[in-house]
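**Q** Need coordinates for the below:
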Amino acid sequence: MCSLQTADAGIYIHIPFCKRKCLYCDFYSVTDLDKRFSFVRSAQTEINMIDFPMPTVDTIYLGGGTPSLLAPEDVSALLDSVRRKFSVSNDPEITIEVNPGTVNLDKLKGCRTAGVNRVNIGIQSFQDPYLKLLGRIHDAREAIACFDLAREAGFENIGIDLIYGIPGQTVRMWKADLKTAIMLSPEHISGYLLTYEAGVPLSLALEKGNIIALSEKKTVGFFEMIRRVLTDAGYIQYEISNYAKSLPSRSRHNLKYWTFAPYIGIGPSAHSFINNCRFWNVRSVDDYMTLIESGKPPRAGSERPDFRQQATEAVFLSLRCAQGICINDFEKRFSVKFQQLFGRTIALFEAEGYMIQTDGFCRLTCKGMRYLDSIADRLVYDIYKENQVDSAAASNPT
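**A** Here you go, the predicted structure:
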């Protein structure tokens with residue numbers, strides 16, 4: 001739990017449409033664009049269905065899918081529904097994800113007029129061969145043009161996403177992507193390792209031997225390079241995959257996911273977290289709209305994490321943050337002594353240069369960030385090995 005935690009809530013609206021599915025993506029989307037208008041009406045209805053108290057909303061995020069396939073008037077309609085239903089702060093961060101090849105200047109200006117003040121562009125690479133391998137609909141020229149259009153439309157807060165670890169990718173080409181990104185000077189840059197999710201076309205190609213995944217040694221080198229190149233350029237690494245030009249340029253919405261802030265998900269497959277309860281919507285856009293039309297919430301399931309699950313999530317999510325685990329916050333929330341629970345394990349990681357404790361935080365070093373999952377798994381073992389977190393539930397019930 002980083003000290004970045006906020007009581008204000010976020011709204012995520014999942015726009016489940018794509019011109020074409022990318023070969024690596026397992027986020028829910030469909031290519032039947034004729035359903036867009038009906039979906040927007042259903043999403044507005046779902047927003048109006050929410051019947052529990054909500055904190056002030058200070059972030060709204062339109063993700064997908066490809067939200068930039070919506071018309072500006074649809075974006076405006078969704079945002080107006082949020083404003084009517086919830087108490088929205090005076091300075092909300094309102095983000096829309098944009099894919100190159102799906103916007104023009106008028107559309108971007110229209111989104112800005114609707115209230116969007118942050119654009120996140122899914123560039124992924126500035127190399128045409130890699131874009132083709134990933135199944136993207138744009139080329140490198142369109143990626144740069146999209147960024148320029150966002151600036152021309154008046155956006156002063158732009159983020160771009162990049163992917164590394166693509167089959168055949170070289171260190172030289174990855175560095176070239178980073179240099180191009182720096183040249184554009186976005187406020188935010190995300191660099192994600194390519195993952196092979198089960199059942200997606202890229203994973204099937206890997207299984208058939210049509211492509212060869214890069215070795216862990218190479219991808220670790222790419223991870224080290226993005227940190228070195230971007231920090232040298234003045235960007236701040238505030239999360240394992242995310243860099244910002246300044247602290248105000250961090251994604252306020254994404255910070256909610258890492259700091260246990262409340263958020264509500266709207267749309268098919270969207271997840272919510274509020275009052276220590278998680279719930280999620282049905283994955284099919286057709287099922288989603290059918291349930292909405294019948295007056296039923298589009299819920300697929302829910303859960304209330306127990307104390308050990310909460311502690312496990314706190315370890316994983318906090319170690320993703322550059323600040324790491326706030327020891328005082330952890331002890332207050334779980335009624336345990338941090339050193340008593342983790343001290344022996346952390347000492348071993350400190351001796352190997354993977355972790356450091358300073359200023360009341362326990363964080364990963366750059367070396368440790370390479371092995372986030374393995375280190376977090378070992379700390380989680382301590383949670384389940386001891387009975388301290390279990391017994392805390394009696395004195396601090398959820």
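**Q** which of the residues in stretch 105-123 are buried?
**A** By neighbour count with 16 or more other CB atoms under 10 Å, stretch 105-123 contains the buried residues 107-112, 114-123. C-betas here are computed from N, CA, C, even on glycine.
**Q** nope, stretch 57-74 is what I meant
**A** Buried-residue list, stretch 57-74, by 16+ other CB under 10 Å: 57-70, 72, 74.
**Q** Also stretch 256-266?
**A** Going by neighbour count (16+ other CB under 10 Å), the buried part of stretch 256-266 is 256-266.
**Q** Relative to Leu149, which of the residues you listed is nearest.
**A** Taking CB to CB as the measure, Leu149 sits nearest to Ile266 out of the buried residues of stretch 256-266, at 27.1 Å.
**Q** Excluding sequence neighbours, find me the nearest residue to that closest one.
**A** Nearest residue to Ile266 in three dimensions, chain neighbours excluded: Ile13, at 4.5 Å (CB to CB, 6 or more residues apart in numbering).
**Q** for that neighbour, helix, strand, or coil?
**A** Reduced to three states with DSSP: H, G, I helix; E, B strand; the rest coil, the structure at Ile13 is strand.
**Q** Could you give the bridge partners of it?
**A** Beta-bridge pairing for Ile13 (DSSP bridges): Leu62, Ile266.
**Q** what sits against it?
**A** Neighbouring residues of Ile13 by CB atoms under 8 Å, 6 or more residues apart in numbering: 43, 60-63, 67, 78, 265-267, 270.
**Q** ok so, going back, take the buried residues of stretch 256-266 and keep only those in strands.
**A** Of those, the ones assigned to strands by DSSP state E are 263-266.
**Q** could you dump the residues you listed to CSV with pLDDT and distance to Cys22?
**A** Compiled in CSV, those are given as follows (pLDDT from 0 to 100; distance: CB to CB, whole Å):
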residue, pLDDT, distance to Cys22
Tyr263, 97, 25
Ile264, 97, 26
Gly265, 98, 21
Ile266, 98, 23
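**Q** any idea which of those residues is closest to Ser38?
**A** Distances from Ser38 to those, taken by CB to CB, are shortest for Ile266, at 14.8 Å.
**Q** Counting neighbours, what do you get for Cys22?
**A** 21 (other CB atoms under 10 Å).
**Q** Then Ile182?
**A** Ile182 has 16 neighbours, counted by other CB under 10 Å.
**Q** Test my guess that it contacts Thr231.
**A** No. Using CB atoms under 8 Å, Ile182 makes no contact with Thr231, being 11.2 Å away.
**Q** residues contacting Thr95?
**A** Counting by CB under 8 Å, 6+ apart, Thr95 touches 59-63, 116, 118-120, 159, 251, 253.
**Q** try 10 Å this time
**A** For Thr95, the contacting residues are 10, 12, 59-63, 67, 116-120, 157, 159, 188, 251-254, by CB atoms under 10 Å, 6 or more residues apart in numbering.
**Q** Where do the helices of the stretch 51-200 of the chain begin and end?
**A** Along the stretch 51-200 of the chain, counting by DSSP state H, counting those that start in this stretch, helices occupy 72-85, 105-114, 128-134, 140-152, 171-184.
**Q** For Ser335, find the nearest of those.
**A** Comparing the helices of the stretch 51-200 of the chain under CB to CB, the one sitting nearest is helix 72-85, at 36.1 Å.
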